[in-house]
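S.K.: My questions are about this predicted structure, shown below with the sequence.
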Amino acid sequence: MSCVSPPSAWRLAGLAAAGAMVLSVTACANPITDRIGEASSGVAERLGLSGEQSPSDEQAPPPVARGETRPCPQAIIRDGTQTLRVYEPAGEGDPDFVRYQGSITKVARECIYAGDEIVTIKFGVQGRVVIGPYGRPGTYSLPIRAVFVPRGGEPVWGQLYQVSVTIPEEGTNAAFQLVEQTAAYTIPPGTSMSNHAVYVGFDELAGRQ
């Protein structure tokens, strides 16, 4: 797996359209805004579990209100975007010139349903930053992109986050965590949420801007 492969797939024109589509899906958000916070603690707790948890543990649909179990999209780290290396400009690609490296180690998600037609996905990302030969303790910004995609379709939601993480003096690494949510989504008739996914990963090109 390349550490610097640009995740060009989610910079397709579909994401531009997704920005407009977010406005339409958020119009459906009112029925569930009072329940958004219900998923927050569950995602944070999953991210806080020990490293013994396997990625497959995140694939099963989580429980929702009233003891029901409904399909929930997977949270998936997009291939080639799990690791981000930032170099000194004069040493791009040379391991001896790495300033810092970020790695995504765990993802989690759960769904909040409003009736049978509207869903919001709460998702979390956990990882670690390590300083390299040219690095030093300090605060770094990690560009993490999340995209909500139906199988075989165009993205219906996408967002770039700048996650701040501080490596303390005398330290060499620090953990980071991001917990966010998609816009409310109206499920098309005859469609299952198990055929959707929330893809996350480092946006290497955004990190260079």
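M.R.: Yep, that arrived. Numbers count the residues shown, from 1 in each chain.
S.K.: which non-adjacent residue is nearest residue 166?
M.R.: residue 139 (4.5 Å; C-beta to C-beta, 6 or more residues apart in numbering). C-beta coordinates here come from the backbone N, C-alpha and C atoms, glycine included.
S.K.: Phi and psi next, for that neighbour.
M.R.: Dihedral pair for residue 139: phi -100, psi 130, per degrees, to the nearest 10.
S.K.: okay, now it: neighbour count?
M.R.: When counting by other C-beta atoms under 10 Å, one arrives at 9 neighbours for residue 139.
S.K.: same question, residue 175
M.R.: If you count neighbours by other C-beta under 10 Å, residue 175 ends up with 11.
S.K.: picking that back up, please report the distance of the residue nearest to residue 166 from residue 174.
M.R.: According to C-beta to C-beta, to the nearest Å, residue 139 stands 10 Å off from residue 174.
S.K.: so what sits against both of the two?
M.R.: 165, 166, 167 (C-beta atoms under 8 Å, 6 or more residues apart in numbering).
S.K.: And the residue lying closest to residue 74 once chain neighbours are set aside, which helix or strand is it part of?
M.R.: Closest residue in space to residue 74, ignoring its immediate chain neighbours: residue 197 at 4.9 Å, by C-beta to C-beta, 6+ apart. If you go by DSSP states H and E, residue 197 is part of strand 196-202.
S.K.: which neighbours does that strand have in its sheet, and in what orientation?
M.R.: Using DSSP bridges, the strands paired with strand 196-202 are strand 74-77 (parallel), strand 138-150 (antiparallel).
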